[in-house]
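**Student:** Need coordinates for the below:
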Amino acid sequence: MSALARPTHGRMIGGVCAALARRFGTSATTMRVIFLLSCLLPGPQFLLYIALWILLPAEGKTRTAAW
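**Tutor:** As a prediction, this is how the structure comes out:
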């Protein structure tokens with residue numbers, strides 16, 4: 001499992017599905033289909049996507065510890 005960061009290449013909108021696909025070892029297309037199918041169910045999926053887009057760092061801008 002790799003660190004959770006939005007990739008700079010291979011992302012469509014915000015890179016959230018691509019980051020989750022890398023993290024769990026699946027393809028980005030599979031993760032996108034799962035997300036689209038989950039949008040058919042009631043729940044805050046779209047809001048969760050936006051929250052992850054804001055909270056996940058970009059791949060080149062990962063945070064490092066100050067000490």
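**Student:** what's the pLDDT at the residue most central in space within the chain?
**Tutor:** Nearest to the geometric centre of the chain sits Val16, at 2.0 Å (C-alpha atoms, centre = their mean). pLDDT for Val16: 91.
**Student:** Was I right to think it contacts Tyr49?
**Tutor:** Yes. If you go by C-beta atoms under 8 Å, Val16 and Tyr49 touch, sitting 5.6 Å apart. Any C-beta I mention is one placed from the backbone N, CA and C, and that applies to glycine too.
**Student:** Which strand or helix spans Val33?
**Tutor:** Assigned by DSSP states H and E, Val33 belongs to helix 28-38.
**Student:** Mind checking what helix or strand follows that helix in sequence?
**Tutor:** Next element after helix 28-38 (DSSP H and E): helix 45-55.
**Student:** Could you pull out the buried residues of that next one?
**Tutor:** In terms of neighbour count (16 or more other C-beta atoms under 10 Å), helix 45-55 has its buried residues at Tyr49, Leu52.
**Student:** circling back: show me what contacts the residue nearest to the centre of the chain?
**Tutor:** Val16 makes contact with Arg6, Tyr49, Leu52, Trp53, Leu56, according to C-beta atoms under 8 Å, 6 or more residues apart in numbering.
**Student:** The fourth one and Cys17 touch, don't they?
**Tutor:** No. Here Trp53 lies out of contact with Cys17, judged by C-beta under 8 Å, at a distance of 10.3 Å.
**Student:** Count the neighbours of Leu20 for me.
**Tutor:** The tally of other residues near Leu20 (other C-beta atoms under 10 Å) stands at 20.
**Student:** Double-check it against Met31; I have them as touching.
**Tutor:** Yes. Assessed by C-beta under 8 Å, Leu20 is found in contact with Met31 at 5.3 Å.
**Student:** my guess is Arg22 meets Arg6, correct?
**Tutor:** No. Arg22 lies out of contact with Arg6 (C-beta under 8 Å); the separation is 9.6 Å.
**Student:** And the contacts of stretch 45-65?
**Tutor:** Residues outside stretch 45-65 that contact it (C-beta under 8 Å, 6+ apart): 3-8, 13-16, 19, 35, 38-39.
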